[in-house]
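Peer 1: Sequence first, then the predicted structure, then my questions.
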Amino acid sequence: MVCPATSVLDMFTRMAGPKKDFGLTEREREVLELMKEGLTKKEIAGRLELSFHTVDDYLRNIYAKLHVHSQAGAVAKAMKHDLF
């Protein structure tokens, strides 16, 4: 017979699931990586061959998904959760 405490611990382990990725897309991860390198929106746009406005849209999505309000906040949270 399995110990009830062991069953409960197993259940919580399964519920924890995989590492949290905040639902970021591959492109959002690319933008976040370039932010970590200190690039500006304009530099990110040039590097990824996107318009400045598209990069701005990506940044808004990243901030919303990570629940932050700044580039520094996004990079710090990404580093804390090992998203790079």
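Peer 2: Received, thanks.
Peer 1: From here on, just use CA atoms for contacts and neighbour counts.
Peer 2: Noted.
Peer 1: so what's residue 70 up against?
Peer 2: When contacts are counted by Cα atoms under 8 Å, 6 or more residues apart in numbering, residue 70 touches residue 63.
Peer 1: Can you read off the pLDDT for it?
Peer 2: At residue 70, the model reports a pLDDT of 95.
Peer 1: ok, now residue 8?
Peer 2: At residue 8, pLDDT is 66.
Peer 1: Equivalent analysis for residue 84, please.
Peer 2: pLDDT, residue 84: 81.
Peer 1: now the chain, which segments are flagged as low pLDDT?
Peer 2: By pLDDT under 70, the low-scoring segments of the chain are 1-3, 5, 8-19.
Peer 1: any chance you could map the helices in this protein?
Peer 2: 4-16, 26-36, 41-48, 52-66, 71-80 (DSSP state H).
Peer 1: Can I get those helices in JSON lines including mean neighbour count?
Peer 2: Shown next, in JSON lines, are the helices of the chain (neighbours: other Cα atoms under 10 Å):
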{"stretch": "helix 4-16", "mean neighbour count": "10"}
{"stretch": "helix 26-36", "mean neighbour count": "17"}
{"stretch": "helix 41-48", "mean neighbour count": "16"}
{"stretch": "helix 52-66", "mean neighbour count": "16"}
{"stretch": "helix 71-80", "mean neighbour count": "16"}
